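1. Structure of the sequence below:
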Amino acid sequence: MGTWLRLLSQNRFRIHPTRWPMALGITLAGPGNEAMWLLQRAIYGRRLAHTELIAPPLFILGHWRSGTTLMHELVAKDPRLGGPTTYQCFAPHHFLVSEWFFRIFGGWLLPSKRPMDNMEAGWDRPQEDEFALMNLGAPSPYRRIAFPNHPATDLDYLDWNNISESEQAAWLAYLQKFLRSVTFRTDQQLVLKSPTHTGRIGVLSQAFPGAKFIHMTRDPRSLFPSTCRLWQGLDRVQALQSPRGEQIEDYVIECMQRMYRGFHRDLQMLNDDQIIHVRYEDLVDDPVEKLAEVYEALKLDNFDDVRPVLQQWADSQHRGYQTNRHELPPATEARIKDQWSDYFERYGYA
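-> Next comes the predicted model:
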């Protein structure tokens, strides 16, 4: 309830009347969430405090709509690797005591496909840990989804600029708390995917020595319209306001600039066997062989053990997969070529 009420007060409770039912539903769910949080703390609190990660995490990075979800789904097919599910990210306070119920009775609450890219959806599917951080109360750029007509919030957490030591420590405490809970559940090395982590590689590599990073890139001429469509879709369904969408393009451009300012600034902190850059176009063309390259570059063991599972998926499901088509007006293409010129040049899309 504290996280929810802070979000409302910071935005001066400016909820559109058509979204009052949504706000009321969230508020009424608050006491139940509080009760389950207290129950989880009573049952698992001491054990969670002593839980340690099995190994440094594997992070999947890249701008939204760059193929991070596809890479996440593929890596998650390795039974030796685990990671947070959709339900765990949406209910990070109490999933250890409540997840079983939603797995059995709550499937109808989610669509079978994600509307932005036709990828499968479900409570057990891999999900972005940024949602968990936001729901725990950590500063997150994703808070803008609730109030998209207000100025974007927490953008410094995209490039890790002007973040004090105390703010960094507090943010890391949220992340480590969540990862201990997921590790307690899975007892596996964790795979974490969040585009928001792209500009945080410096702080993440220091907090988790030996962490590995898969960095996804994609042609900005597809990346830009797809990301605009993503935010418009989320705002339309999740916002507590009636979204005007006036600043979407400016917001997408600024986020890219911030993320990659932080990413390129701290890239030299990583060893060659800690990071690999993967083009979305190459991954879609041959996912199995591209995963083999990832395992070799990052010195991940025993790819041959997971190859048959990946090949079966590629033969049965991926062959018919169609990405959404996007058209980019010439003026918009010229704008992103100018303002994202470094990305175009670095990653071979010029």
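2. check which helix or strand covers W231.
-> Secondary structure from DSSP states H and E places W231 in helix 220-238.
3. chain center to that helix: distance?
-> 15 Å (CA atoms, centre = their mean, to the nearest Å).
4. Which neighbouring elements make contact with it?
-> For helix 220-238, the packing partners by 3 or more CB pairs under 8 Å, 6 or more residues apart in numbering; DSSP states H and E come out as helix 248-266, helix 330-339. Just so you know, the C-beta spots here come from the backbone N, C-alpha and C atoms, and that holds for glycine as well.
5. mind running it again at 6 Å?
-> Identification of packing neighbours for helix 220-238 by 3 or more CB pairs under 6 Å, 6 or more residues apart in numbering; DSSP states H and E yields helix 248-266.
6. next SSE after the helix it packs on?
-> Counting by DSSP H and E, the element after helix 248-266 in chain order, helix or strand, is strand 275-279.
7. partner strands of that next one, parallel or antiparallel?
-> Taking DSSP bridges as the criterion, strand 275-279 forms sheet pairs with strand 212-217 (parallel).
8. What angle do helix 248-266 and the strand it pairs with make with each other?
-> 140 degrees (axes from the mean of the first three to the mean of the last three CA atoms, to 10 degrees).
9. how distant is strand 212-217 from the center of its chain?
-> Distance of strand 212-217 from its chain centroid, counting by CA atoms, centre = their mean, is 13 Å.
10. who touches that strand?
-> Strand 212-217 has contacts (CB atoms under 6 Å, 6 or more residues apart in numbering) with 58-62, 66-68, 71, 274-280, 298, 347.
11. do stretch 83-96 as well
-> Applying CB under 6 Å, 6+ apart, the set of residues contacting stretch 83-96 from outside is 36-37, 40, 44, 99, 102, 123-127, 129, 131-132, 135-136, 178, 182, 190-191.
12. Please apply the same query to stretch 269-276.
-> 202, 205, 212-214, 294, 297-299.
13. Got a ChimeraX select line for the buried ones in those residues?
-> Entered in ChimeraX, the line below selects the buried ones among the contacts of stretch 269-276, by 16 or more other CB atoms under 10 Å:
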select :202,205,212,213,214,294,297,298
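14. Just send the contacts of stretch 269-276 back as CSV, with pLDDT too.
-> Formatted as CSV, the contacts of stretch 269-276 follow (pLDDT from 0 to 100):
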residue, pLDDT
G202, 96
S205, 97
K212, 97
F213, 98
I214, 98
V294, 97
A297, 96
L298, 96
K299, 94
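15. now the contacts of stretch 269-276 in TSV, with distance to R335?
-> Putting those into TSV (distance: CB to CB, whole Å) gives the following:
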residue	distance to R335
G202	29
S205	33
K212	35
F213	29
I214	29
V294	33
A297	34
L298	35
K299	40
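16. quick revisit: show me the contacts of stretch 83-96 that map onto helices.
-> Of those, the ones assigned to helices by DSSP state H are 36-37, 40, 44, 99, 102, 129, 131-132, 135-136, 178, 182.
17. can you pick the most crowded of the residues you listed?
-> Greatest neighbour count in those, by other CB atoms under 10 Å, goes to A132: 28 neighbours.
18. residues touching the closest residue in space to H94 that isn't next to it in sequence, list them.
-> Spatially, and ignoring its direct neighbours in sequence, H94 is nearest to M36 (3.6 Å; CB to CB, 6 or more residues apart in numbering). Residues in contact with M36 (CB under 6 Å, 6+ apart) are 94, 97-98.
19. could I get those as TSV with neighbour count?
-> Shown next, in TSV, are the contacts of M36 (neighbours: other CB atoms under 10 Å):
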residue	neighbour count
H94	20
V97	19
S98	19
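20. Tell me the one of the residues you listed nearest S166?
-> Nearest to S166 among those, counting by CB to CB, is H94 at 27.4 Å.
21. quick revisit: return the per-residue confidence for the residue nearest to H94.
-> Looking at M36, its pLDDT stands at 95.
22. Could you measure from it over to V97?
-> Here the criterion is CB to CB, to the nearest Å. By it, M36 lies 6 Å from V97.
23. picking that back up, what two of the ones in helices among the contacts of stretch 83-96 are the furthest from one another?
-> Every pair of the ones in helices among the contacts of stretch 83-96 checked by CB to CB; the farthest is Y44 and F131, at 20.9 Å.
24. Low-confidence ranges, the stretch 201-350 of the chain, go.
-> By pLDDT under 70, the low-scoring segments of the stretch 201-350 of the chain are 318-326.
25. who touches stretch 185-199?
-> For stretch 185-199, the external contacting residues (CB under 6 Å, 6+ apart) are 54-55, 57-61, 63-64, 68, 72, 75, 81-83, 128-130, 158-160, 259, 262-263.
26. Ignore what I typed, I meant stretch 250-261.
-> The contact list for stretch 250-261, computed with CB under 6 Å, 6+ apart, reads 63, 152, 158-159, 198-199, 227-228, 339-340.
27. Was I right to think T183 contacts H50?
-> No - T183 is beyond contact range of H50, at 11.3 Å (criterion: CB atoms under 6 Å).
28. ok, G210 - how many residues close by?
-> Using other CB under 10 Å, the number of residues around G210 comes to 11.
29. Tell me the secondary structure at it.
-> Three-state call for G210 (DSSP: H, G, I helix; E, B strand; the rest coil): coil.
30. From T183, how far out is the closest residue to it other than its chain neighbours?
-> Nearest residue to G210, sequence neighbours excluded (CB to CB, 6+ apart): P56, at 4.0 Å. P56 sits 12 Å away from T183, going by CB to CB.
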